[in-house]
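# here is my input, please return the structure:
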Amino acid sequence: MNQKMIRINQKLKDKLRWLVISVDYDYSRICIADHDMNSETLTLWLEDKQDFKNSLDDCLQLEIPAKQFAKIIKEDNLNSFIGSKMHPSKKYVYRARIEINEALAWYNNDATIAEQGWAREAVLKQLLTQLIETEAHGIEEWI
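Numbers count the residues shown, from 1 in each chain. The predicted structure follows:
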């Protein structure tokens, strides 16, 4: 399984499964209705694109620890780019991944609104992928 697992409790996992079932397993219908970020947690409110809710209370609320969010940003290379660097002593130029800023600092201070959205979407994608892989793994155990 993917190394960047997001830890969520069983109750939340069950609610996420029900959301997947309610969209008829069409994962593209699941969207982030709203979000909030503080130093400890990224909070996402999820809903069905075809069944918008009147209130966030009606959406599925997920709380992702900031450390796990930072790990996804870093592993997906969202806070870095490929560029040219010069070796400090040998003075030759080489291609390398250049980090713009530490993951959460990049998200809060450097990322554009679109890049912040991509980072939140990466979390949603990771959660859904993880849920699918967990289900598939459970099915394999029965076969």
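# so how many other residues sit close to Lys91?
As a burial measure, Lys91 scores 7 neighbours (other Cβ atoms under 10 Å). Where C-beta positions appear, they are placed from N, C-alpha and C, glycine not excepted.
# show me the contacts for the residue nearest to Arg29 when sequence neighbours are not counted.
Leaving aside its chain neighbours, Arg29 sits nearest to Val23 (4.0 Å; criterion: Cβ to Cβ, 6 or more residues apart in numbering). Residues near Val23 by Cβ atoms under 8 Å, 6 or more residues apart in numbering: Arg29, Ile30, Asp48, Gln50.
# what ranges do the strands span in the chain?
Per DSSP state E, the chain has strands spanning 30-37, 41-48, 60-65, 80-86, 93-99. These are given in chain order.
# give me the angle between the shortest one and strand 30-37.
Right, strand 60-65. Interaxial angle of strand 60-65 relative to strand 30-37 (axes from the mean of the first three to the mean of the last three Cα atoms, to 10 degrees): 50 degrees.
# deepest in the core, which of the strands of the chain is it.
Among the strands of the chain, ranked by average contacts under mean count of other Cβ atoms under 10 Å, first place goes to strand 41-48 (a mean of 19).
# which strands and helices sit next to that one?
helix 10-22, strand 30-37, strand 60-65, helix 66-75, helix 113-142 (3 or more Cβ pairs under 8 Å, 6 or more residues apart in numbering; DSSP states H and E).
# now with 6 Å?
For strand 41-48, the packing partners by 3 or more Cβ pairs under 6 Å, 6 or more residues apart in numbering; DSSP states H and E come out as strand 30-37, strand 60-65.
# gap between the most centrally placed residue in the chain and Thr43?
Centroid-nearest residue in the chain: Val123, 1.0 Å away (criterion: Cα atoms, centre = their mean). Applying Cβ to Cβ, to the nearest Å, the value for Val123 to Thr43 is 11 Å.
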